[in-house]
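Visitor: with the sequence up front, the predicted model follows.
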Amino acid sequence: MAAVEIKQVRKVYQRDTQKVQVLDGISLEIAKGDFVALMGPSGSGKTTLLNLIGGLDRPTSGDVIVSGTSLSGLKGRKLAKWRARNIGFIFQLYNLIPVLTAIQNVELPLLLVPMSGKERRKRARTALELVGLGDRLAHYPRQLSGGQEQRVAIARALVSDPEVLLADEPTGDLDRKSGEEILNLVVRLNREFGKTILMVTHDPHAAERATHALHLDKGVLSN
């Protein structure tokens, strides 16, 4: 069973009186444990595709199947719980909550999962230790460097032990050194922990670290 299956997916947005087709009948299969880089110009639909796989948006037509579950049958709280268990998101701008500490930010996805506070903290601590921030548990985002903030974001993505990680330009807001450290961490998550990863990137160097790369342009996918 593939980790991700995209079947003839179209996505059309209504903008005033115009219909804008972002994805045009895309089909894609990502095997378990694969690491795929998704490249393409701005506005080509890369983030839209990521959002569909993560259940943050719905296709106009077609089907999205992740870990054997068709997302078309999930709605509301049921979808939110499924997402919290099965998908880890890594964003370019980290999306950390400023008034929460590192460990509190990492705990957030577990609030949707039946679990004691003690177990949540234990898992969050383990995730932060995995990304090398075991000594930054009580730090707020403003007290961390950009690279450290992204590590917190990765720990948050990992804390529920999802099969699939979706990374949207994870190094796009970092300097070269910090970006390389984050790439090394993402590669490790794939190779050592078997995470299935789909990474959107504009950076050819980052794409080279993936198992293989795909190109999306004008809503059409190619190798």
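Guide: Cool, got the structure.
Visitor: first to last residue in stretch 106-125, what's the distance?
Guide: Length of stretch 106-125, first residue to last, Cα to Cα, to the nearest Å: 8 Å.
Visitor: list the buried residues for it?
Guide: Residues of stretch 106-125 classed as buried by neighbour count (16 or more other Cβ atoms under 10 Å): 106-110, 120-121, 123-125. Every residue, glycine included, has its C-beta placed from N, CA and C.
Visitor: which one of those is nearest residue 148?
Guide: Distances from residue 148 to those, taken as Cβ to Cβ, are shortest for residue 106 (12.6 Å).
Visitor: please tell me I have it right and the closest one contacts residue 128.
Guide: Yes: Residue 106 is in contact with residue 128 according to Cβ atoms under 8 Å; the separation is 6.0 Å.
Visitor: overlap in contacts of those two?
Guide: The contact sets of residue 106 and residue 128 overlap at 152, 155 (Cβ atoms under 8 Å, 6 or more residues apart in numbering).
Visitor: max-length helix in this protein?
Guide: Longest helix in the chain by number of residues, with DSSP state H as the criterion: helix 176-191.
Visitor: neighbours of residue 214, how many?
Guide: When neighbours are counted by other Cβ atoms under 10 Å, residue 214 registers 20.
Visitor: tell me who's in contact with it.
Guide: Remark: with contacts taken as Cβ under 8 Å, 6+ apart, residue 214 is in contact with 28, 36-39, 221-223.
Visitor: SS state for the residue nearest to the spatial centre of the chain?
Guide: Among the residues of the chain, the smallest C-alpha distance to the mean C-alpha position (Cα atoms, centre = their mean) belongs to residue 166, namely 2.1 Å. When the structure is reduced to helix, strand and coil (DSSP: H, G, I helix; E, B strand; the rest coil), residue 166 reads as strand.
Visitor: that older thread, closest to residue 57 out of the buried residues of stretch 106-125?
Guide: Distances from residue 57 to the buried residues of stretch 106-125, taken as Cβ to Cβ, are shortest for residue 109 (18.7 Å).
Visitor: hmm, back to that, mind checking the pLDDT average for the longest helix of the chain?
Guide: Per-region confidence: helix 176-191 scores 91 on mean pLDDT.
Visitor: same check, this time on stretch 211-223
Guide: Computed over stretch 211-223, the mean pLDDT rounds to 91.
Visitor: swap in stretch 92-106?
Guide: Averaging pLDDT along stretch 92-106 gives 92.
Visitor: so how far is that stretch from its chain's centroid?
Guide: What separates the centre of stretch 92-106 from the centre of its chain is 15 Å, taken as Cα atoms, centre = their mean, to the nearest Å.
Visitor: oh, and call the first residue 59 from now on, that's how I've got it
Guide: Got it, the first residue is 59 from now on, which makes the last one we talked about stretch 150-164.
Visitor: of all the residues in it, which ones are buried?
Guide: Within stretch 150-164, the residues scored as buried using 16+ other Cβ under 10 Å are 150, 152, 154, 159-164.
Visitor: tell me which other helices or strands the helix or strand just after the longest helix of the chain touches.
Guide: Using DSSP states H and E, the next helix or strand after helix 234-249 towards the C-terminus is strand 254-258. The contact analysis (3 or more Cβ pairs under 8 Å, 6 or more residues apart in numbering; DSSP states H and E) places strand 254-258 against strand 93-97, helix 104-111, strand 222-226, helix 234-249.
Visitor: I appreciate the help and will end here.
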